[in-house]
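Asks: Need a 3D model of the sequence below.
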Amino acid sequence: MRRVLVLGGTGWLGRELVSAALALGADVTCVARGESGTAPEGAHFLAADRRRPDAYRELVGDWDEVIELSSEPDLVVPAVTELGSRAAHWTLVSTVSVYAADDEPGADESAALVEPVDLSRYADAKVAAEQVTSAALGDRLLIARPGLIVGPRDPSDRFGYWPARLDRGGPTIVPVMQNRFVQVIDVADLASWLAAAGSARLTGRINAVGPPLPMTDFFTAARAVTGFRGELIDVTDAVLEAHGIQYWAGPRSLPLWLPSRATGFAQRDRSAYLRAGGTARSMTDTLTRVLQDERVRGLDRPRRAGLTADEETSLMRGLAG
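Replies: The predicted structure follows:
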C-alpha cells in the first residue's frame with residue numbers, strides 16, 4: 001500500500017485531497033495543527049506545530065508521496081529538509097499567481113515568475129517555496145499551479161458569491177463583461193488529479209486550470225442554474241473604482257472582476273494539465289454544486305468577499321443619483 005503524507009490535510013483543499021488519495025487505496029497521514037478541523041475518516045492524523053523543530057519526530061520510514069500545501073517559508077523549508085530524502089515523489093501545490101505578467105493570454109508554464117523579494121506577499125512566498133523545493137527534490141518534484149479553486153465549502157466566498165447573489169434575485173450589479181474571462185478549477189477535480197499525479201509520479205510544472213470561459217457565458221450559466229430572471233446592471237470599472245469597490249476578492253468587492261489590463265490571468269494555457277490527465281467538469285456542474293452548498297450555508301450569511309445587500313443597495317442609489 002502506498003504511503004502518502006499530506007502536510008496539512010485538514011483545510012478545504014487538503015480534506016478533498018486526502019479523500020481522493022484514500023479513494024485510490026493509499027495509506028494517508030496528515031500533519032497539521034488541526035485548527036481548521038480534523039483529517040477525513042480513514043486517514044491518520046498527527047497534530048503538530050510544523051514550526052517546531054520536533055514537528056516530524058513521530059514520522060518514521062519512507063514515503064511514496066509527500067504533498068505540501070503551504071507557501072510559508074518557515075513551514076516549507078523545514079519540511080523539505082527533514083523529509084525530502086525520504087520521499088520517492090513530492091508535490092508542491094503552488095499557484096498561477098507566481099507569474100510576473102497577467103496580460104499574456106495563453107501563457108504557459110515557461111512564463112517569467114515574480115521575483116520573491118517580499119515573502120509576506122502570497123506570490124513571492126509561493127515562488128520562494130518552488131525554488132527551495134526544486135533545489136532539494138530535483139526530478140522527484142511536481143509543481144502544480146492551480147488557478148482559482150472553487151467548489152462547495154470554499155472559505156474564500158469568491159466564486160460562491162455569484163450563484164448566491166443571483167439566487168436571491170432582484171437587480172444585480174455586475175462588472176462590464178466585454179473581453180473578460182473566468183477560469184477556475186473545481187476543488188474535486190483538482191484533488192482527484194493531484195492524488196492521481198502523485199501515484200503516477202508525474203513531475204515538472206503544470207498549470208492546473210479549467211478552460212477559459214467568457215464572462216458573459218459564465219453569467220449565462222449562472223442565470224440558468226439559479227433561475228435568475230432579474231436585471232444584470234453592468235457598471236464600468238471607473239465608476240466601480242470611484243465608489244470604492246474592490247477587484248477580485250475581499251470585503252466590498254465584485255468577485256472574479258479583474259482590471260481590464262489583466263487579460264491573461266483567466267486565460268492561462270492548460271495543455272500540460274490535459275496531457276497529464278487533468279479534467280474539468282462543466283461550469284454548470286460546478287455552479288449547481290456550489291449553489292446547493294450556498295443554500296445550506298445561507299444566502300444572506302456574512303461573507304469574506306462580495307457586496308453586502310446594504311452595500312449593493314447604496315451603490316445602486318449612488319448610480320441613480
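Asks: contacting residues around stretch 247-259?
Replies: Stretch 247-259 is contacted by residues 102, 148, 156-159, 161-162, 173-175, 180, 182, 215, 218, 237, 240, 244-246, 265-266, 304-307, 311 when judged by C-beta atoms under 8 Å, 6 or more residues apart in numbering. Every residue, glycine included, has its C-beta placed from N, CA and C.
Asks: mind redoing it with 6 Å?
Replies: For stretch 247-259, the external contacting residues (C-beta atoms under 6 Å, 6 or more residues apart in numbering) are 158, 161, 175, 182, 245, 246, 265, 305, 306, 311.
Asks: Of the residues you listed, which belong to strands?
Replies: Taking DSSP state E, the ones among those that sit in strands are 175, 182, 246.
Asks: Which helix or which strand is home to residue 128?
Replies: Residue 128 is located in helix 122-137, with elements delineated by DSSP states H and E.
Asks: so what strands line up beside the helix or strand just after that helix?
Replies: With elements assigned by DSSP H and E, the helix or strand that comes after helix 122-137 is strand 141-146. Strands that pair with strand 141-146, judged by DSSP bridges, come out as strand 90-93 (parallel), strand 204-208 (parallel).
Asks: which residue sits closest to residue 125 in space, ignoring its chain neighbours?
Replies: residue 71 (4.2 Å; C-beta to C-beta, 6 or more residues apart in numbering).
Asks: Now that residue 201 has come up, it's in contact with residue 88, right?
Replies: No - the pair residue 201 / residue 88 is not scored as a contact, 7.2 Å apart, by C-beta atoms under 6 Å.
Asks: confidence score at the closest residue to residue 227 other than its chain neighbours?
Replies: Of all residues not flanking residue 227 in the chain, residue 167 sits nearest, at 7.9 Å (C-beta to C-beta, 6+ apart). Here, the pLDDT recorded for residue 167 equals 98.
Asks: What strand or helix carries residue 167?
Replies: helix 161-168.
Asks: residues of that helix that come out buried?
Replies: 161, 162, 163, 164, 165, 166, 167 (16 or more other C-beta atoms under 10 Å).
Asks: Dump the residues you listed to TSV, plus distance to residue 22.
Replies: Listed next are these as TSV, based on distance: C-beta to C-beta, whole Å:
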residue	distance to residue 22
161	31
162	32
163	29
164	30
165	35
166	35
167	33
